[in-house]
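Undergrad: show me how the following folds:
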Amino acid sequence: MLQLKYFKAELAFEYPFTTHKGTKTHQPSLIVALGLAGMAGFGEAPAISYYNITVDEMVDSLESKRAMIERYALTDPGRFWHFLHHLIPGQHFLTAALDIAGWDLFAQMRRQPLYKTLGLEWGNIPLTDYTIGIDTAEMMAEKVKAHPWPVYKVKVGGTDDIDKIRAMRAVTDAPFRIDANEGWQFEDAKLLLPELKQLGIQLVEQPLARTEIEAMKELKAKSPLPLYADESCVTEHDVKKCADGFDGINIKLTKCGGITPALRMIKEARELGLKVMMGSMNECTIGTAAVANMLPLLDEVDADGPLLLNEDMAEGLTYENGIIKLSGRNGLGIKFSGQKITK
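TA: All right, here's what the predicted structure looks like:
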C-alpha cells in the first residue's frame, strides 16, 4: 500500500522574476511523496497564477482522493497516470506531481536511474539555458554579467525589446533564445524577427497569442528564425495543432500532466517533424530532475529553475557551464531535504 505525503513550499527567487504574464518574488509549489517498502518517490507541482492553480486547491484534491491513491498497486507508471487522469480529471498540475513521484518510485524499485527505466542511454545531452527575466536594459545586462552562461533565454514582450537585447549583446556573445509569452502583435513580430536574427538569436518561443492560429502560420512562413510553441502546446491534444504554425514545441511536465503524456508528445512531435524542447515552470531540483532524466530525448532544454531560485527542497543535480549532471542515484536521483535549503 502506498503512503502519500505532501509538503508546501514558497521558494524565493534570486531576482524578482518578470515575464509578460507578471512578476513574482517567490514560487509556491506542492511537493508530493509516494512511499513503499522503505523507498519514497517525489514529484513537484509549482502553482502558476495565470493557470488559476494554487497549492491549497491541489492539497484539497489530494486529501479528497487520498484513500484511493494509497490503495493503488504501482506496477506500471503509465497505468498509474491513466488512473490519476480519471481520478482527478483536468488537474494536470497535480497529476504531474503524482506521475513524477510514481516514476521516481518505480525506477527505485527497479534499482535504476529514471532515464534507464525510460529505456534511454545517457548521451546527446543539450545545454540548458539561463533565463533573464524582463527588467530594465541595464539590469538585464547586469544579470548576464553576474551569471556567465553558454546560452540564455530572454523574456520579452514590450516595445523596447530590441534595445534590451542589444544591451545584453554588448556584454556577451552567447546565443539567446527569446520567449515572448504571447506578448507580441503580428505586425510587430514581422519587423522584429529579422532584427533578432542579426543579433544572434537561436529561436523564438510563442511570439503571438495562442488564439492567433492563422497569424502564426503566416508568421512561420515569413520567419528567418525557428518558432516554438509554448502556451499553444499545453497538453498532448495540442501537438498536432502546432505543426503548421511552429517549428517546434516546448513541453512543460506540469502543464501536460507529467512524464507519461510528455513521452507521447515527444513521439508525436517527432512524427510531425517538430523539434522538441522541454521547459521549466521554475521548479526546484525535484521537478527539474524529472526533466533532466529526459534530456537524451530533447533538442533544446530550459531546466534552470534551481539556478533562478535562492532556495531549494532537494539536492541531486549539478550544473557545469550549461551541462546538467545527475547524481547517479536511482529514480530521479534526488535527495529530499524535508525543509528549505538556502543557497
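Undergrad: wait, what's in contact with the nearest residue to residue 263 once chain neighbours are set aside?
TA: Once flanking residues are discounted, residue 263 sits nearest to residue 118: 7.4 Å by C-beta to C-beta, 6 or more residues apart in numbering. All C-beta spots, glycine's among them, are computed from the backbone N, C-alpha and C. Neighbouring residues of residue 118 by C-beta atoms under 8 Å, 6 or more residues apart in numbering: 259, 263, 293, 294.
Undergrad: so the residue lying closest to the first one once chain neighbours are set aside is in which element?
TA: Take residue 259 and drop its neighbours on the chain: the residue closest to it by C-beta to C-beta, 6+ apart is residue 103, 5.1 Å away. When secondary structure is defined using DSSP states H and E, the element that contains residue 103 is helix 92-109.
Undergrad: just the C-alphas of that helix, formatted as CSV.
TA: In CSV, the C-alpha atoms belonging to helix 92-109 read as follows (Å, rounded to 0.1, in the frame of the first residue of the first chain):
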residue,chain,number,x,y,z
HIS,A,92,-2.8,18.4,-14.9
PHE,A,93,-0.5,20.1,-12.3
LEU,A,94,-1.4,17.7,-9.5
THR,A,95,-1.4,14.7,-11.9
ALA,A,96,2.1,15.7,-13.0
ALA,A,97,3.4,15.8,-9.4
LEU,A,98,2.0,12.3,-8.7
ASP,A,99,3.0,10.9,-12.0
ILE,A,100,6.6,12.1,-11.5
ALA,A,101,6.6,10.6,-8.0
GLY,A,102,5.3,7.3,-9.4
TRP,A,103,8.1,7.1,-12.0
ASP,A,104,10.7,8.0,-9.3
LEU,A,105,9.4,5.3,-7.0
PHE,A,106,9.1,2.7,-9.8
ALA,A,107,12.7,3.4,-11.0
GLN,A,108,13.9,3.0,-7.4
MET,A,109,12.0,-0.3,-7.2
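Undergrad: output the contacting helices and strands for that helix.
TA: strand 22-36, strand 39-46, helix 55-64, helix 77-87, helix 114-117, helix 253-256, helix 259-271, helix 285-292 (3 or more C-beta pairs under 8 Å, 6 or more residues apart in numbering; DSSP states H and E).
Undergrad: return the distance of the longest one from the chain's centre.
TA: Between the mean C-alpha point of strand 22-36 and the mean C-alpha point of its chain there is a distance of 13 Å (C-alpha atoms, centre = their mean, to the nearest Å).
Undergrad: what inclination does it have with respect to strand 39-46?
TA: 160 degrees (axes from the mean of the first three to the mean of the last three C-alpha atoms, to 10 degrees).
Undergrad: which other helices and strands does strand 22-36 contact?
TA: Counting contacts by 3+ C-beta pairs under 8 Å, 6+ apart, strand 22-36 is packed against strand 3-19, strand 39-46, helix 55-64, helix 92-109.
Undergrad: excluding chain neighbours, give the residue nearest to residue 315 in space.
TA: Per C-beta to C-beta, 6+ apart, closest to residue 315 is residue 335, 5.4 Å.
Undergrad: neighbours of that neighbour, how many?
TA: Residues near residue 335, counting by other C-beta atoms under 10 Å, number 13.
Undergrad: domain-wise, how is this structure divided?
TA: Domain segmentation of the chain under automatic domain parsing yields 3-116, 122-336.
Undergrad: reformat these as TSV; add mean pLDDT.
TA: Formatted as TSV, the domains of the chain follow (pLDDT from 0 to 100):
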stretch	mean pLDDT
domain 3-116	97
domain 122-336	97
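Undergrad: quick revisit: out of the helices and strands packed on helix 92-109, which one sits most buried?
TA: Comparing the helices and strands packed on helix 92-109 by mean neighbour count (mean count of other C-beta atoms under 10 Å), helix 285-292 ranks first with a mean of 29.
Undergrad: ok, then the element right after it?
TA: Next along the chain after helix 285-292, taking DSSP H and E as the criterion, comes strand 300-301.
Undergrad: circling back: which phi and psi does the residue nearest to residue 263 have?
TA: phi -80, psi 0 (degrees, to the nearest 10).
Undergrad: contacts only, for the residue nearest to residue 259.
TA: By C-beta under 8 Å, 6+ apart, the contact list for residue 103 reads 41, 77, 114, 117, 258, 259, 260, 290, 331, 332.
Undergrad: tell me how far the third one lies from residue 190.
TA: In this case it means residue 114. Distance of residue 114 to residue 190, computed by C-beta to C-beta, to the nearest Å: 42 Å.
Undergrad: ok, now the second one?
TA: In this structure, residue 77 lies at 44 Å from residue 190, with C-beta to C-beta as the measure.
Undergrad: format the contacts of residue 103 as JSON lines; extra columns: distance to residue 282.
TA: Formatted as JSON lines, the contacts of residue 103 follow (distance: C-beta to C-beta, whole Å):
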{"residue": "41", "distance to residue 282": "21"}
{"residue": "77", "distance to residue 282": "24"}
{"residue": "114", "distance to residue 282": "21"}
{"residue": "117", "distance to residue 282": "26"}
{"residue": "258", "distance to residue 282": "17"}
{"residue": "259", "distance to residue 282": "18"}
{"residue": "260", "distance to residue 282": "22"}
{"residue": "290", "distance to residue 282": "14"}
{"residue": "331", "distance to residue 282": "22"}
{"residue": "332", "distance to residue 282": "17"}
